[in-house]
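> sharing a model prediction with you, sequence too.
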2 protein chains.
Amino acid sequence: MSDIQRASRERHRYEDLAGFVEDLVENGTLRPGMRAPSLRAIAHQKQASLSTALQAYRLLEDRGVLEARPKSGFYVATCRPSKFDTPAVSCPPDTPTKVTVPSGVLQLLHHAADPNLVPLGCAIPSAELLAAGRLDRFLARAARTRGKQYNIYTEPRGDAALRTEVSRRAARWGQALNPSDIAVTCGCTEALSLALRAVTRRGDIVAIESPTYFGLLQVLESLGLKALELPTNARDGLQVDALERALKSKPVKACLLSSGFNNPLGSSLSNAGKRQVLDLLRRHEVPLIEDDIYGDIHFGPDRPIPFMAIAPEADILYCSSFSKTVAPGYRVGWVVTPRHMQSVLEAKFGLTLCGPALPQAALADFLSSGGYDSHLRRIRRVFADNIDRMSRTIERTFPSETRVTRPAGGFVLWLELPEPVNARVLFEQALEQDICIAPGDIFTTSDRYANCMRLSCGHTWDKRIQNSLEILADLVHTQSKRA
Amino acid sequence: MSDIQRASRERHRYEDLAGFVEDLVENGTLRPGMRAPSLRAIAHQKQASLSTALQAYRLLEDRGVLEARPKSGFYVATCRPSKFDTPAVSCPPDTPTKVTVPSGVLQLLHHAADPNLVPLGCAIPSAELLAAGRLDRFLARAARTRGKQYNIYTEPRGDAALRTEVSRRAARWGQALNPSDIAVTCGCTEALSLALRAVTRRGDIVAIESPTYFGLLQVLESLGLKALELPTNARDGLQVDALERALKSKPVKACLLSSGFNNPLGSSLSNAGKRQVLDLLRRHEVPLIEDDIYGDIHFGPDRPIPFMAIAPEADILYCSSFSKTVAPGYRVGWVVTPRHMQSVLEAKFGLTLCGPALPQAALADFLSSGGYDSHLRRIRRVFADNIDRMSRTIERTFPSETRVTRPAGGFVLWLELPEPVNARVLFEQALEQDICIAPGDIFTTSDRYANCMRLSCGHTWDKRIQNSLEILADLVHTQSKRA
């Protein structure tokens, strides 16, 4: 065998080996974020040399199938290469708009509680996935043994043990919270509402990402606030230069941004981007309300660092909840603010007085028992897998001009459909087939995103969801052909 | 024995017998609302004739110790005669006031959660009395067996089974409710907040009773509403003629009244008075928000009839909760409105999205199991007894110029102290002795009720509470002497 022959054979060997591993990824044996077989193991298994295995993995790295992590080996990439482009940077109008939530949002929530519909509409993880069984047992135990103790109005900030647990968790990402700076709320919705109340008045302008979660728009509407939607990139989040222009030209009274994996784009600002934002807001003396509800659902190794952890001294009101990770049914969220706690508590007293005591006690017990982290590891894998399978199915079935996000966390996909397609029409058509989706126009106060939709990947992948996507694809093809 | 001698002896006999029964009431053997021994039994026991026993009971009826109920016999009066007058009709200013809640209210709520203080401040029944053990077991069972099913966002109106149970209960007092006209809320506070949002805008005038629950004032403040406080009588509630004058002279946008046993006076409008109010509001096209949170705690045989039951077709938003009767810790209330449900749901979506699911499911199970009524009978007796004992102690120890309410339901007393006494000073002095009271000035938006205080009778009577009242009496005496 000549050297050339040997080199050619070797090339075939590492390409074969790469193809073998890529197939494992393609057919789902290896899932995004999973560790790939070690070089030694794969070389042994395929009777190749270590250097051939390394060449194969380098090739897969180039193709975006694997990613190398220093001192840890190769992992299946969480952001897989896609045939489809990601959505373009959004271009909302640069004028503040009095928020009026489009009709149909309540209908969507109503559908979310209907078990007969395929649940691609609301961003609610399936109860199966969340497996809150352990939490429920803590609730049952608290109700049995401490019901009397907890049949009270809690103190205005909420259960002290829960606030301690929340501050303990924050310490992991370097955030030193004083439990007395935390107020427990009825989910993240009440947290955002209280935070906005503390720093704005009716008619004020609030800068937000665009597109944005329709529930946030409802909060803004209920407070009579104006929304200034800012251009946001599906890859790296808010366009900081747009924020700068807005702060210079308009009397923005507060800025409301997600800490990571914003809903619906799933994009996150880098830490450098966050520092720029913080610097801008400090210079213009504008408080930041940050929504960290998706922060714990990261597919990569690192959690997005909250703004408040980056700049503990800044004027920030931090909001989060357990609704996306363990218990939407418990409605427990929290707001952290060293500076505005008094206003927050007064507003809470006028809204809900306080939250139910036993669910808070159960969550405190659950967190202190230490099971939350292994639970998070599990659901991160499942959500990443769901997003991957859904993306693959969309690539296979939707028109090739479709643009899809590639989120590195959370559990929603945002689709930009070929222009003539109207997502509101699609929503109605899908509903007739017992499929619920979220049409794009409810994610803005302006007249935009009519050709967009959000799909929830919060339910375990199954044949029914796959079929629904195929039906959606057919509906989209039909609409785009008609045009 | 001459006829005169016999007549004199008979008079002594029935007076003796009356004295014997009055002692039983005085020493607490017979409690308000309890059935007195039958005429036959007492005549037999005291070896008197039936007619003598009847004479004795008629005497006690004249003295207000007993009350006769048709076809049922004699009962210990729930409104006992008192040495002290009831408070005068309140005279709030007749101008609407932008609501600013006085400081100290949050401090009061904070104290309410402190088990080291004698709890006379907040109107929260003791967990001991409420004995929510059965409810807690339903919660434990629901969490164990149906946790997965309930780990969801409920539909916007809340748990359907609970709404059905609420409408079933209302049917008992002749109120036909459609469960789809009910929205479950986070306690009565959120119900009132949603109801006000549905029919008013910032700056509008809302007519309310005076004095009024400070939590309601906080709700009004958080919505930027103006309060028009109306004169209210400690015996029969709102002065209807004052409402009429207000409606004629001011652009009142909503009227918020309690259905019965208002907080803090404990007074109720008669059904005739309610009809007058409804007629006035209909003519002026002003919606009524009614707060029925104390309706189930009536000491007499009849429950106050809600306005909505009297006039189902009127523009009414009905609010209530389980916080005063079984579970303050569960934070479950509801608002009923056939007319404004869409606005209510939209507002709720912007405030709290929805409430926690399992506590609602547990309450539905508890109600359908049928134990609620026997529980209500028990706590009515206990609250009536607490109020009676507290009133007696006040009469025995406070200055004779003190005026005290004589509520026929609920579990609070309102005291008007001799003029120079300042209840805010009293509040601070009492706190130093580990006693919490509610100073009168937090029950108004005007500069009034500085010499008033509210005492909660929601905790089982014991030596500690009796001692606290004696300490309060000493403090009041000292303040009034200093003047």
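Thanks, I have the structure now. Numbers count the residues shown, from 1 in each chain, chains lettered A, B, ... in the order given.
> mind listing what the closest residue to residue A:383 other than its chain neighbours touches?
Sequence neighbours aside, residue A:411 is the residue nearest to residue A:383 in space, at 4.3 Å (criterion: Cβ to Cβ, 6 or more residues apart in numbering or on different chains). All C-beta spots, glycine's among them, are computed from the backbone N, C-alpha and C. Residues counted as contacts of residue A:411 (Cβ atoms under 8 Å, 6 or more residues apart in numbering or on different chains) are A:123, A:125, A:297, A:324, A:383, A:386, A:387, A:456, A:457, A:458.
> heading C-terminal from the helix or strand where residue A:67 lies, find the next helix or strand.
Using DSSP states H and E, residue A:67 maps to strand A:66-69. Note on strand A:66-69: by DSSP H and E, the next helix or strand toward the C-terminus is strand A:73-76.
> who in the stretch 251-400 of chain A is up against chain B?
Contact residues (Cβ under 8 Å from any Cβ of the partner chain) of the stretch 251-400 of chain A with chain B: A:323, A:327-332, A:342, A:345-347, A:349-359, A:362.
> could you rerun that using 10 Å?
A:321, A:323, A:326-333, A:342, A:345-362 (Cβ under 10 Å from any Cβ of the partner chain).
> among those residues, which ones are buried?
For these, a burial check counting by 16 or more other Cβ atoms under 10 Å in any protein chain shown picks out A:321, A:323, A:326-333, A:345-362.
> adjacent strands (with direction) for the helix or strand that contains residue A:257?
Using DSSP H and E, residue A:257 maps to strand A:252-258. Here strand A:252-258 is paired, per DSSP bridges, with strand A:205-210 (parallel), strand A:288-291 (parallel).
> quick one: residue A:411 from residue A:108, how far?
To residue A:108, residue A:411 is 17 Å away according to Cβ to Cβ, to the nearest Å.
> do the same with residue A:345
32 Å.
> among the residues of the stretch 251-400 of chain A next to chain B, which ones are in helices?
A:342, A:345-351, A:357-362 (DSSP state H).
> can those go into CSV with extra columns for pLDDT and distance to residue B:76?
Putting those into CSV (pLDDT from 0 to 100; distance: Cβ to Cβ, whole Å) gives the following:
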residue, pLDDT, distance to residue B:76
A:342, 93, 48
A:345, 93, 44
A:346, 90, 44
A:347, 91, 46
A:348, 92, 43
A:349, 90, 39
A:350, 88, 41
A:351, 90, 42
A:357, 93, 36
A:358, 94, 38
A:359, 95, 42
A:360, 96, 42
A:361, 95, 41
A:362, 95, 44
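> which of those residues lies closest to residue A:15?
Checking these against residue A:15 by Cβ to Cβ gives residue A:362 as the nearest, at 54.3 Å.
> quick one: residues contacting the closest residue to that closest one other than its chain neighbours.
Distances taken as Cβ to Cβ, 6+ apart put residue A:139 closest to residue A:362, at 3.7 Å, once the chain neighbours are dropped. Counting by Cβ atoms under 10 Å, 6 or more residues apart in numbering or on different chains, residue A:139 makes contact with A:132, A:327, A:330, A:358-359, A:361-363, A:365-366, B:139-140, B:142-144, B:147, B:356, B:358-359.
> so the helix or strand residue A:139 falls within versus helix B:133-150, what angle?
Element membership for residue A:139, per DSSP H and E: helix A:133-150. Per axes from the mean of the first three to the mean of the last three Cα atoms, to 10 degrees, the angle that helix A:133-150 makes with helix B:133-150 is 150 degrees.
> the helix or strand following helix A:133-150 near chain B at all?
Next in sequence after helix A:133-150, counting helices and strands by DSSP H and E, comes helix A:160-172. Yes. Against chain B, helix A:160-172 shows contacts by Cβ under 10 Å from any Cβ at residue A:160.
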